[in-house]
Structures are given as structure tokens and as C-alpha cells.
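>>> A structural model of the following input is requested.
(2 chains)
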Protein chains: 2
Amino acid sequence: MASNKIKPQTLRGFRDFLPDQMIAREHLIDTARRVYRSYGFAPIDTPALEYAEILVGQGGEESDKQVFRFTDQGDRDVAMRFDLTVPLARYAARHIQEIGTPFRRYHIAPVWRGERPARGRYREFMQCDFDTIGTASNTADIETLLVINDLFDAVGVDRFTVRVNNRKVLNGFLEKKQLQESATGILRCLDKLEKIGRDAVAAEMQERVGLSASDASNVLDMAQLTGTPDAVLSQLDGILTGSSTGEEGLAHLGELFKTVRGCGLPEDRVCLDVSIARGLDYYTGTIYETFLSDLPTIGSVCSGGRYDNLAAKFTSQQLPGVGASLGLDRMLAAMEELGMTARASTPADVLITMFSRGHLVDYQQAARMLRQRGIGAEVYPEARNIGRQLKYADRRGFAVVLIAGTDELAAGTWQVKVLESGNQQEVSSDVLVDTVHGILSEIADPEGD
Amino acid sequence: MASNKIKPQTLRGFRDFLPDQMIAREHLIDTARRVYRSYGFAPIDTPALEYAEILVGQGGEESDKQVFRFTDQGDRDVAMRFDLTVPLARYAARHIQEIGTPFRRYHIAPVWRGERPARGRYREFMQCDFDTIGTASNTADIETLLVINDLFDAVGVDRFTVRVNNRKVLNGFLEKKQLQESATGILRCLDKLEKIGRDAVAAEMQERVGLSASDASNVLDMAQLTGTPDAVLSQLDGILTGSSTGEEGLAHLGELFKTVRGCGLPEDRVCLDVSIARGLDYYTGTIYETFLSDLPTIGSVCSGGRYDNLAAKFTSQQLPGVGASLGLDRMLAAMEELGMTARASTPADVLITMFSRGHLVDYQQAARMLRQRGIGAEVYPEARNIGRQLKYADRRGFAVVLIAGTDELAAGTWQVKVLESGNQQEVSSDVLVDTVHGILSEIADPEGD
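Numbering: from 1, shown residues only, chains lettered A, B, ... in the order given. This is a model prediction of the structure:
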């Protein structure tokens, strides 16, 4: 009979999150939310399931095949969302009159793609987007950059670079060279520059897009301009003279770098990288990619850009916007690799052991006093031997263990054990909460800053 | 060509959440998380999609029909989770050796049911569960009750009652009367007591379950015992003498009420209600329902109970547990009806108007100073006329608006406007943050407590 059990497995590409992983995820999500909110981005949510016609038929055949799509009980053709952008477009088309513009929203929610699972690629993953829609103003592009900066600051990452570019720069250049009809192909090639190198990209531009060797070389010369933002901008200024598209892109980039400097961001955090194009045809202005200096190979951990018309599929109202998305799984993988994630599998700091079941009220009262002071406290549920309870505390990652048997409680005292150091002291009940608070402050900030 | 737009509709029973609704939802979820965490419950997550055999075939035919089930791209029979309990069972069977017991977890995530949509009933909704598994100790049952109490305290609801019962009381009684084989049918009838009244339940017990008139009357007499918990317990003590099941139930209830009193919970918040049975066959011990005194008709907003063996479908390891679930949608509806939800559609308190585009750095710097003090600040993205920006501020629900044109900035001053009162004052830049902080503290707590 034991064999009629069902194997408790998950689908390939889907994940269970254990407490320690989930605590790290919730912490990162909370941090992102706090930063988004501090700029006035408001939360929204949309359904996981939508009519299939809402979601598919935009991203091209390849991505449509990845959509989880089926016929529901009511015979409707439905699909699970594969990103948060298409649902935002649908949402904006439906609600923008009521909400009004400019509309700043964040949306942190799971999406599903039936991709081939691979290291770091899953069929279910969280997206963590923020966007400002209904304004074409470059101030929103600049603010997007400031949000990205503050986000990584808040996460505790100091060494990162946001690479910024503007699609209009490249488009202006291509217009001048009368290559605008090949723009999409050229962008696709450029996107591989870091991966396959200049020569291979030049070859692809000639073979696949049909550029002349000198045009390919010109495009690459421009994309590979290096130097301070001001130096690159002034070189581009010469190259793009006479192209109104190009000049607009330069003006926007100029205002962006000026404001960033004015706000006192470290110089090396934001750079102008003319080579970044981002694969999607979707972006039309500023684009962003964010790299961690200590782990550049993991790729961009926060990317986005400006688009001209978010909801064209659903409404004739023009809705320009700009935004970016934190790559939550990639960022968590990076933080783990950089040793930045805590290893505790409990969100509480204190375990109150149960020495004697008869004293349950005392244990729960001590726990309640700690919680009122904002300190998480768990009461062990059974009066097992203390060694076993200490082992449990250690395994879960509690910082402090409290022990009191009949004698201690009669005398009004507690044993307070600090797990990391092994130190143990006896304290009077009336200073218990203060003592624990002091110990936890010391652990959180040993220098006492 | 305008007619080839796709209608931006959602599926029936599915919802878009507007910013004001979502701010209220996030606030309630945050509160629940904070309380769960303060007791040492750790977050977990599981996939939205599972093998169908994992999820279906447990809840009976009726509920299986409600499951969103389909064949995926890899020809697998998959389904979307319809609750968080079956996934927890699968998760525990898979990971419990690694995690160890006792295991306290919370899980806050959407679930999907293809039910007929109705007022307050949706096809996608959030569940907000917490459970302690791997211990049969009644201390965990008691703690579950304390969590429920603290949860409503933290939400800001004072007037509520948790109705507690123990399945063993009724089962013990039925054993004594040799009616245990009809237990399920009797429980189903009892569950309707509040809705259809004593006479109708008595009639159903006779017609559908085959009880004699006197047995039905005895069951109802017991279920309708009223008085203080101690008074009811002492009456039950007489009725159940000799039934070990019944006596165990009474001992657990006795310890529960004693501890609750010892922890100082208000007397009227926790009552013993022998009539509650909860429909599910699943519960085996303590059961809980929570009613809001000012809105009892909305039904239980937080329910749960103890179960003997969570993961029997997946493992032969016995996993007893106890937990409860906050009914998020119902609770939000109640809070709205009771006027407890804020109406703002922005999470930030301050709007910085844009008087002149050339001063963007000044505006962003002021915003950064406010954010560093923990005050959310949005910068309006375009230099439109101030009346329009004020109207935007009003519509979004900002508390304070800051205005500075070229003259003010040259003089180092800001106009600070409080939207609710309409008061406006000019302050020097160096006290701007303090002034705004003072105004917001005053709004949050007008009595200065």
C-alpha cells in the first residue's frame, strides 16, 4: 500500500523556495518596493490569466510558442502572462482615463514562459518592473536612472555601472547614412558586440544586413566611442550634425548626464555606452543596462528604456513611457555569489525554549513582550530536552535563545544564550527585553555606529 | 483601421487592481507578514503550476471540476494550484527532512478556481496562510490563536471574536452515543446551524443522516451550549465523561483558554462555540473562525484548524499540523465597508511641482533629501501650469505640495502647501525637510501622541 503514494515532484523549470531562499527574495522585493514607492510609483496588479488574444501575436512566433495557453472550462482561449508589459498595455488602455497621466506604477509578480530550462532560466519567475507612462518628458527618463541608482544603493551594492544610450543616436546616424531601413538588422548585430567582438559583428553586418565594409566600420566606430560622457557626447555632436533625430538623442543624453552630476551620483556609476542597443525593436529613446562591477559576466541585472506607444494594440490613445525591470533571479544569484545573502531560515531572532509545559503562559508572555518591542520570538512547541532545542535553534539560525525552568521562573530570571559566541548570562525578567534588544543591536552593528 | 484594436478586457472573475486598491492590499499583506514573522513563521513559495495528479483527486469531484487544468507544451497534464494546502503537503513531503520539524511557514500567494463568479467570489484570489507542522502539541494550537489575535490587533480592528471549538468534543460525544459512523453527515448539518436554524438542522439530521429525533436534539443541545468558556467546559465535562476522545478535546480547550487568559487577551475576544464544525472533513482537533463584531454577516475572516496528517497522499511520514488563513478579499471588503482603508492612490506623501524645466537638478535634489529622511517624494515630469499640477496632486492624494520657481530658488526658499487644509507657507531650503516632516507627523497623529 505504501507504493500508491504520489511522488512529490515539481514540474521542470519550476521551483520550490525554501525559507532561507524566500527570506532573501522577500528582502530584495521589499527593498525594490521601498525605493519605487519613495519616487511615487504606485503598485498595481493584473490577472495571471488573460484572453490569449490579449497576450499573443505581439512578440513574434518564437515567443508565442513559449506561452502557456489553453482552453478553459468556459471554452475560452486563455493564456498565462509571459511578462508584465503586455498586461500593463492592456491595463493602461482600460483604465488610463480613470487613473490619469502621468502614471507611475510598479508591478512585482510572477510570469510564465515554456522556455527550455537552463542554468538561471526558469519557466516561472518574478518580474519587478517600474514605469512612468503618459509623458514624453526626458525628466522621466532621468528619474528612471535615479531609481536604478537608488535601488542598488538600497540593496547594499556599491560597485555597479548603469550603461545608458539613446536609440535616437544610432537612428540619427543611420538616417544620415541612409541606412535607416536596415536599422533593425544592424541593431541585432550590434547587440552581440560584447559577446562575439568587432570583427564578427562587422562580418555579420555585411553578410546578413548587406552593409558595405565601410558603413559597417563607421557604425562600429561610433558604437565603440569611449571616454567620459561629455567627451563622447561632443564627438557624437560632430558626427550627428544635421540629423534632427540624432540631435534630439544627444540633447536628452546631455540633460541626463548633467542632472546625474548635479544630484551628486558618483561619476563612475553612469556611463554612456553607444554600443548598447537592447534586442527589442520596442525601445525608441533612452535605454539602460546595469552591470555589477564584481560580477560583470552575469549580465545586466536591471534593464529598460523608453518606448513611444505602449498600448497601440488596444487603443488609439498614444501612451509613451519609460521604465526598467530588476532581474530578480539574476540579482539574487549574484548576491549569493558575492556572499551578500543571510543564511537564516527564520525571520525571528529569538527562540524561547520550552523547559516545562506548565509554564507556557510565562513563555508566551515573554514572547509577547519581545514582539511588542519589535523583536521576533518563537516559542518551541514541546518540552523536549534542551540540547535538542538548542540544535534546532542553531539549524534555523536564531541569534538568541532564552531558557527558563521552574527555578528560574520562581526566581524571576532567564538564561540568555547568544548562539554565535556561545555566551550565556542570567538576567532578571524586568530587564530581559532590554538585554535581548542590546544583544541584537550589537550583532547587527558591532561597531556601534 | 481603428477597429482592429483588441478590446482590453479581463476574463470574468479576474481583476485588475487600481493603485488605491493595491496600496490597501499591500498594506494588509505587509501587516499579516509582519505578525507571522514575529512568531517565527518563515516564508515559502511553490509553483503556480503543478502536475495535475499532485493537485486533483483529493477534494472530491466538485472541486476538481473547478481546477484550471490543461496539457502543456511538453504534453504534461498540469494544473494551476487552487489552494496553498495541497502544495504545502507536496512541499513538506519533498523537503521536510532538509528543513526539520517543527516547521512554521507562511505562504501568501494567488490561487485559481473556475468557480461561478459572484459578489466577493473570484476566480483568482490571494491566500494568506500560516501553519505549524510536525508537532501534535496543543501549544501550537494555542499559538495559532495568539497569532490570529495579534493579526487583527495589528490591522487596527479592536472588535472581533475568535470562535474556537475542538472536533474531538463532538466526535467524543458521537462515540458515546454510537453515532460516530454518521459523524460526517452530522457535521455537515451542524455547519448550517447559523444559516437555517435549529429546527431545520434537526429535520435534516433525521431525514438525511437518519438520526432519531432525540439524538438530533441531544447533538443540538450540546452544540448550542452557551456561557463563558469555563462554564461551557464544565458542562461538557459532565456530558463527555468516559470518552477519551472527548476528554482530550476538553483538556486542549481548557489549556487554550487558560493560556489566553494568562496572556491578558480581552475576555470577549475568544469564545468557545461548540456549534462550529467547519465543512471540511480534514480537521481533526482545534478549529477557529473569526468574526468582526461590526460586520458579522460578512462571515469568518480568518479560519483554520488542526489536522492529523497533512501529506498522506505523498509520504508515509506522519505530519500533523495546525494553521489558519486570513481571508484577504473578504477582510479588505470589510475594511472598506468600515471606512478603514485610505483612499490615496500614491504611496508618496510629497509632490514636487515643476515650475521650470531648467531647475530639474534643484527639484530632484530636494526629492533626494526628503527620501533620505524616509519621506516619499515624486517630481512632476513636465513644467505645466501649476493649477494643473495641483489638480494632479489632489487627485492622487498627495499630502504636501512643494513649489519653487526661479525667484524662490534664487532666494533659497520653497512654498510648502498642505493640500487638505490649503495652508501655504514659505520656508528656507535648509529647513524644508524638517518642515515637511513636521507637517506629515502632524497629519498622521494630530493629537501628537
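>>> Return stretch A:128-136 as PDB; C-alpha atoms alone will do.
Output in PDB follows, covering the C-alpha atoms of stretch A:128-136 (Å, rounded to 0.1, in the frame of the first residue of the first chain):
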ATOM      1  CA  CYS A 128       9.900  43.500 -10.800                       C
ATOM      2  CA  ASP A 129       9.000  46.400 -13.200                       C
ATOM      3  CA  PHE A 130       8.500  50.100 -12.800                       C
ATOM      4  CA  ASP A 131       7.300  52.500 -15.500                       C
ATOM      5  CA  THR A 132       6.200  56.100 -16.000                       C
ATOM      6  CA  ILE A 133       3.600  56.300 -18.700                       C
ATOM      7  CA  GLY A 134       1.700  59.100 -20.400                       C
ATOM      8  CA  THR A 135       4.600  61.600 -20.600                       C
ATOM      9  CA  ALA A 136       7.300  62.000 -23.300                       C
END
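>>> Helices of the stretch 201-350 of chain A, start to end?
With DSSP state H, counting those that start in this stretch as the criterion, the stretch 201-350 of chain A has helices at A:213-223, A:229-240, A:244-262, A:328-337.
>>> Now do the last one: everything it contacts.
Counting contacts by Cβ atoms under 8 Å, 6 or more residues apart in numbering or on different chains, the residues outside helix A:328-337 that touch it are A:21, A:24-25, A:28-29, A:120, A:122, A:125-128, A:155, A:157, A:292, A:295, A:298-299, A:301-302, A:341. Quick note: C-beta positions are derived from backbone N, CA and C, even for glycine.
>>> Let's see that with 7 Å instead.
By Cβ atoms under 7 Å, 6 or more residues apart in numbering or on different chains, the list of residues contacting helix A:328-337 from outside reads A:24-25, A:28, A:120, A:122, A:125-126, A:128, A:292, A:295, A:298-299, A:301, A:341.
>>> Name the nearest residue to A:Tyr380, ignoring sequence neighbours.
A:Met354 (4.6 Å; Cβ to Cβ, 6 or more residues apart in numbering or on different chains).
>>> which residues touch A:Gly185?
With Cβ under 7 Å, 6+ apart, A:Gly185 has these contacts: A:Arg208, A:Val209.
>>> Just the element for it, please.
helix A:183-190 (DSSP states H and E).
>>> List the residues that contact A:Phe103.
Per Cβ under 7 Å, 6+ apart, neighbours of A:Phe103: A:Ile96, A:Ile133, A:Gly134.
>>> Hmm, the last one is touching A:Arg105, no?
No. The pair formed by A:Gly134 and A:Arg105 falls short of the contact definition of Cβ atoms under 7 Å, at 10.6 Å.
>>> of those two, who's got more company?
A:Arg105 (25 against 21; other Cβ atoms under 10 Å in any protein chain shown).
>>> Just the local confidence number for that one, please.
Per-residue confidence (pLDDT) for A:Arg105: 98.
>>> Could you look up the SS state of it?
Recorded secondary structure, A:Arg105: strand (DSSP: H, G, I helix; E, B strand; the rest coil).
>>> For the closest residue to chain B within the stretch 251-400 of chain A, grab phi and psi.
In the stretch 251-400 of chain A, the residue found nearest to chain B is A:Glu378; the distance is 2.8 Å by Cβ to the nearest Cβ. A:Glu378 adopts backbone torsions of phi -110, psi 140, taken as degrees, to the nearest 10.
>>> Neighbours of it, how many?
Considering only other Cβ under 10 Å, A:Glu378 is surrounded by 27 other residues.
>>> for A:Gln178, same thing?
A:Gln178 - counted by other Cβ under 10 Å - has 9 other residues nearby.
>>> Let me see the mean pLDDT of the helix holding A:Gly185.
Averaging pLDDT along helix A:183-190 gives 87.
>>> what's the following helix or strand after that helix?
helix A:193-196.
>>> got the buried residues for that following helix?
A:Leu193 (16 or more other Cβ atoms under 10 Å in any protein chain shown).
>>> What are the contacting residues of it?
By Cβ under 7 Å, 6+ apart, the residues outside helix A:193-196 that reach it are A:Val201, A:Ala223, A:Ser275.
>>> Might one say that the first one is in contact with A:Cys189?
It refers to A:Val201. Yes. Look at A:Val201 against A:Cys189 with Cβ under 7 Å: they come within range, at 5.2 Å.
>>> Which residue of those two possesses the greater neighbour count?
A:Cys189 (26 against 23).
>>> show me what contacts the more buried one?
A:Cys189 neighbours (Cβ under 7 Å, 6+ apart): A:Val201, A:Glu204, A:Met205, A:Arg208, A:Val209.
>>> Nearest to the spatial middle of chain A, which residue is it?
Closest residue to the average C-alpha location of chain A: A:Leu326 at 2.5 Å, with Cα atoms, centre = their mean.
>>> May I have the secondary structure class of the spatially closest residue to that one that is not a sequence neighbour?
Of all residues not flanking A:Leu326 in the chain, A:Cys128 sits nearest, at 4.1 Å (Cβ to Cβ, 6+ apart). Of the three states, A:Cys128 takes strand according to three-state DSSP.
>>> beta partners of A:Cys128?
A:Ile108 (DSSP bridges).
>>> correct me, but it touches A:Asp30?
No. A:Cys128 is beyond contact range of A:Asp30, at 11.2 Å (criterion: Cβ under 7 Å).
>>> more crowded one of the two?
Each of A:Cys128 and A:Asp30 has its neighbours counted (other Cβ under 10 Å); A:Cys128 has more, 24 against 14.
>>> mind listing what that one touches?
So A:Cys128 contacts A:Ile29, A:Ala32, A:Ile108, A:Ser325, A:Leu326, A:Leu328 (Cβ under 7 Å, 6+ apart).
>>> now swap in A:Gln224 and tell me
A:Ser275.
>>> quick one, phi/psi of it?
phi -100, psi 10.
>>> where are the low-confidence patches of the stretch 151-300 of chain A?
A:279-281 (pLDDT under 70).
>>> Those residues of it touching chain B, which are they?
Residues of the stretch 151-300 of chain A found near chain B (Cβ under 7 Å from any Cβ of the partner chain) are A:Thr259, A:Gly262, A:Cys263.
>>> Any chance of the backbone angles for the nearest residue to the first one once chain neighbours are set aside?
Of all residues beyond its chain neighbours, the one nearest A:Thr259 is A:Ile142 (5.0 Å), with distances taken as Cβ to Cβ, 6+ apart. Comment: the main-chain dihedrals of A:Ile142 come out as phi -70, psi -40, following degrees, to the nearest 10.
>>> what sits against A:Ile142?
A:Glu255, A:Leu256, A:Thr259.
>>> count of residues packed around the last one?
Other residues lying near A:Thr259 total 22 when counted by other Cβ under 10 Å.
>>> thinking it is in contact with B:Leu360, fair?
Yes. Applying Cβ under 7 Å as the test, A:Thr259 and B:Leu360 come out as touching, 5.5 Å apart.
>>> Which residues are in contact with each of those two?
In contact with both A:Thr259 and B:Leu360: no residue, using Cβ under 7 Å, 6+ apart.
>>> which residue ranges form the strands in the stretch 301-449 of chain A?
A:302-307, A:321-326, A:350-352, A:377-379, A:400-403, A:413-418, A:424-428 (DSSP state E, counting those that start in this stretch).
>>> other SSEs contacting the fifth one?
Taking 3 or more Cβ pairs under 7 Å, 6 or more residues apart in numbering or on different chains; DSSP states H and E as contact, the helices and strands that strand A:400-403 lies on are strand A:350-352, helix A:386-396, strand A:413-418, helix A:432-444.
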